[in-house]
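Q: I need the structure of the sequence given here:
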Amino acid sequence: MTFTGSDEDLARLPDTCFGITATDEVGYAIGQSLVLEIGGDPFRVPEHARTQYHAALAHASNHLVTLVLDAVDTLRASLRGEELLGQELVGDAPGGLPERVVGPLARAALENALQRGQAALTGPVARGDAAAVG
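A: Residues are numbered from 1 along each chain as shown. Coordinates of the predicted model:
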């Protein structure tokens, strides 16, 4: 098997949880061994839950990308062409100011959500201020 990811991708593997499905205990043991070999944390996904498990992961990853990029695009549109603090013009290239503004906020919000659940909500949403949200 050949790994085609980046060094950054490889660095993410240790301590990552990997769901394993198998038709029998031998298959599960092999999968578990492979995950442990790369430093991962294996867990069993029952066959009846496999589709829902996959849907949950696809939902988390793809919708997170969509949500973050929508926020970046909105920020980019509001700042387009502006030179901020004598630095760069806000343009369309990825990795610019909008990504640098949204990135730390999105990372912190994700970590808070994973650690605190609904208590991670802030601002008018947390206060129930429907008028401000509207």
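Q: alpha carbons only for contacts and neighbour counts from here, please
A: OK.
Q: flag every buried residue along the host helix or strand of residue 19.
A: Residue 19 belongs to strand 17-20 when assigned by DSSP states H and E. Across strand 17-20, burial judged by 16 or more other Cα atoms under 10 Å covers 18, 19, 20.
Q: cool, and stretch 10-26?
A: 18, 19, 20, 21.
Q: check stretch 33-41 too.
A: Neighbour-count burial for stretch 33-41 flags 35, 40, 41 (criterion: 16+ other Cα under 10 Å).
Q: ok, and what's touching it?
A: 13, 14, 15, 16, 17, 18, 42 (Cα atoms under 8 Å, 6 or more residues apart in numbering).
Q: from the buried residues of strand 17-20, pick the one nearest residue 6.
A: residue 18 (18.8 Å; Cα to Cα).
Q: now that closest one, nearest residue through space, not along the chain?
A: residue 42 (4.8 Å; Cα to Cα, 6 or more residues apart in numbering).
Q: next, give phi and psi for the one you found.
A: Phi and psi for residue 42, reported as degrees, to the nearest 10, are phi -80, psi 150.
Q: that one contacts residue 19, doesn't it?
A: Yes: counting by Cα atoms under 8 Å, residue 19 is a contact partner of residue 42 at 6.0 Å.
Q: where in this protein is pLDDT low?
A: 1-4, 81-89 (pLDDT under 70).
Q: buried set for the helix ranked longest in it?
A: Longest helix in the chain, counting residues (DSSP state H): helix 50-79. With burial defined by 16+ other Cα under 10 Å, the residues of helix 50-79 counted as buried are 69, 71, 72, 73, 75, 76, 79.
Q: what's the farthest-apart pair in the residues you listed?
A: Maximum distance among these (Cα to Cα): 15.1 Å, for 69 and 79.
Q: ok, back up a step: in its sheet, what does the strand holding residue 19 sit against?
A: strand 41-44 (parallel) (DSSP bridges).
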